[in-house]
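# Predicted structure and sequence below. I'll ask about it afterward.
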Amino acid sequence: MEDQFGRKINYLRISVTDRCNYRCVYCMPETGVTWQAHDNIMRFEEIVQVVKSAVKVGVTKIRLTGGEPLVRPGIVELVRMLNRIPEITDISMTTNGHLLAHQADALKEAGLKRVNISLDTFNPDLFKKITRNGDLSQVLAGIEAAEKAGLTPIKINMVVVRGINDSEILEFAKLTFQNPWHVRYIELMPIKNQTGWGSGFPNYEEGYISTHEMLKILEELNLNKFQQFTNQGPATLYKAQNAKGMIGFISPIDDDHFCARCNRLRLTADGHLRSCLMSEQEVDLLPAIRNGNNIDDMVQAAIRNKPAHHFLKEKLSPNDRSMMQIGG
Ligand code: SAM
Ligand code: SF4
């Protein structure tokens, strides 16, 4: 189905939990957020029901996210259930990688195709600071296991923050010479709960680095731009000569055409369908599902009402949920 701006919606991002084993500074406050009560979280059968409705309007791709999707018990079983829906041709996951090493094989076997792993630095101490106690060695083991399991191409997501990890931009790009990875730089987004950064981290305005500036830092690599087809996701892709992997930029702020390419819907862990990451507009599916109602109309309404674009340039961002409560 197309929305009112002619964007074909074929991609659903599902947040399977609002919980996380990390506390990344740009995502949530040190003290965490108030978790949803267990009963408010969608059960697997309910998620499958939403996917079956979404399939009817043309969704074929799913990404599991969170919070941290790998902390949800039974996540492998959910992948298996989703993989049984014939119209779903692509299931992927965004994870911090901490719990990936011992689950990679089972996830692959259940039908997961690929993983995006969030990794902002190769400095173990800085990693601990950014994630507030994460363990870099576990994430690296997760990447290795995912590669061995064939959850490829591995995509590494780096949120770039000035004065924190911008000195590693070039080093990350050079990883694509030895590895067939996609290294993707994500522009920092202003979103609820970043106010509590403290402990030496810059505020949003100080921390934000545009894609334009990152490309300047990578000038020496003579990157070749790849054709960006419409409806192929949010990243603008480049490749360095003789590199095995690709370099991508997720530029919600710097790229004026970012929203025009958006093909996605988002399902929060508590069953709200959200047509834009950066809009508070939501459809609450859970009561309807639990009352035994058909939700097809509600899914279609969410697509019809998808906002044309966000207002990040105007410094307007949602204040209802943090990134981890929406699903990033
Ligand atoms: N826990 C998983 C992870 O970290 O990959 C999945 C959820 S996380 C919310 C999804 C993505 O959002 C991650 O790649 C993370 O780096 C990114 N993210 C979180 N807060 C962000 C922010 N303020 N600006 C840009 N990206 C952000
Ligand atoms: Fe957790 Fe991912 Fe948010 Fe970090 S970015 S706190 S790993 S949900």
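That came through, no problem. The structure presented is a predicted model; accordingly, all values stated were derived computationally and were not measured. Ligands and ions are numbered 1, 2, ... in the order given.
# Per-residue confidence, residue 249, what does it come out as?
Looking at residue 249, its pLDDT reads 94.
# brain fart, residue 133
Listed pLDDT for residue 133 reads 87.
# Verify the stated contact: it with residue 25.
No - contact criterion Cβ atoms under 8 Å: residue 133 and residue 25 do not qualify, at 11.5 Å. For every residue, glycine as well, the C-beta is placed using N, CA and C.
# quick one, which of these two is more surrounded?
It is residue 25, of residue 133 and residue 25, that has more neighbours when counted by other Cβ atoms under 10 Å, with 26 against 11.
# quick check, that one in a strand?
No - per DSSP: H, G, I helix; E, B strand; the rest coil, residue 25 lies outside any strand segment and is coil.
# so for stretch 219-227, what's the average pLDDT?
88.
# mind listing what's buried in it?
By 16 or more other Cβ atoms under 10 Å, the buried positions in stretch 219-227 come out as 221, 223.
# and what of stretch 266-281?
Of the residues in stretch 266-281, 266-279 count as buried by neighbour count, 16+ other Cβ under 10 Å.
# And stretch 22-30, by the same measure?
Buried residues in stretch 22-30, counted by 16+ other Cβ under 10 Å: 22, 23, 24, 25, 26, 27, 28, 29.
# What about ligand 2: which of those touch it?
Filtering those for proximity to ligand 2 by Cβ under 6 Å from any ligand atom leaves 22, 23, 24, 27, 28.
# For residue 275, report the pLDDT, please.
Here the pLDDT value assigned to residue 275 is 77.
# Verify the stated contact: it with residue 309.
No - at 11.9 Å, residue 275 and residue 309 do not qualify as touching, with contact defined as Cβ under 8 Å.
# which helices and strands sit right next to the helix or strand containing residue 297?
Per DSSP states H and E, residue 297 falls inside helix 296-304. Helices and strands touching helix 296-304, by 3 or more Cβ pairs under 8 Å, 6 or more residues apart in numbering; DSSP states H and E, are helix 44-56, strand 264-267, strand 272-274, strand 282-284.
# What parts of this structure come near ligand 2?
Listed as neighbours of ligand 2 in the chain under the rule Cβ under 6 Å from any ligand atom: 20, 22-24, 27-28, 66-68, 96, 118, 323-324.
# about what we covered before: export the helices and strands packed on helix 296-304 to a markdown table and append columns for distance to residue 11.
Output for these, formatted as a markdown table (distance: least, Cβ to Cβ, whole Å):
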| stretch | distance to residue 11 |
| --- | --- |
| helix 44-56 | 9 |
| strand 264-267 | 4 |
| strand 272-274 | 13 |
| strand 282-284 | 17 |
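# just the helices in the protein please.
44-56, 75-83, 104-110, 124-131, 136-149, 169-178, 204-207, 211-217, 286-290, 296-304, 323-326 (DSSP state H).
# now whichever residue of the stretch 51-200 of the chain sits closest to ligand 2: how far from residue 21?
In the stretch 51-200 of the chain, the residue that lies nearest ligand 2 is residue 96 (3.6 Å; Cβ to the nearest ligand atom). Computed as Cβ to Cβ, to the nearest Å, the residue 96 to residue 21 distance reads 7 Å.
# and what of residue 69?
Residue 69 is 11 Å from residue 21, by Cβ to Cβ.
# Who are the contact partners of residue 62?
11, 12, 13, 14, 51, 82, 88, 90, 91, 92 (Cβ atoms under 8 Å, 6 or more residues apart in numbering).
# The residue lying closest to the fourth one once chain neighbours are set aside: what's it in contact with?
So that's residue 14. If the residues on either side of it in the chain are set aside, residue 14 comes closest to residue 267, at 4.7 Å by Cβ to Cβ, 6 or more residues apart in numbering. Residue 267 is in contact with 12, 13, 14, 15, 42, 47, 50, 273, 274, 285, 327, counting by Cβ under 8 Å, 6+ apart.
# Same list (the residues you listed) but as a markdown table, adding distance to ligand 1.
Shown next, in a markdown table, are the contacts of residue 267 (distance: Cβ to the nearest ligand atom, whole Å):
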| residue | distance to ligand 1 |
| --- | --- |
| 12 | 15 |
| 13 | 9 |
| 14 | 11 |
| 15 | 8 |
| 42 | 16 |
| 47 | 16 |
| 50 | 19 |
| 273 | 18 |
| 274 | 13 |
| 285 | 20 |
| 327 | 6 |
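# Nearest to residue 122 among these?
Using Cβ to Cβ, residue 327 comes nearest to residue 122 of the contacts of residue 267, at 26.2 Å.
# so where's the chain uncertain?
Within the chain, the stretches with pLDDT under 70 are 192-200, 227-233, 278, 280, 308, 310-328.
# which bits of this structure sit near ligand 1?
Close to ligand 1, as judged by Cβ under 6 Å from any ligand atom, the chain has residues 20, 26-27, 65-66, 68, 94-96, 118, 157, 159, 186, 188-189, 191, 323-324, 328.
# Against residue 140, how distant is residue 296?
Distance of residue 296 to residue 140, given as Cβ to Cβ: 44 Å.
# quick one on the thing from earlier: which one, of the helices and strands packed on helix 296-304, ends up nearest to residue 177?
For the helices and strands packed on helix 296-304, proximity to residue 177 was assessed by Cβ to Cβ; strand 264-267 is nearest, at 31.1 Å.
# All set now, cheers.
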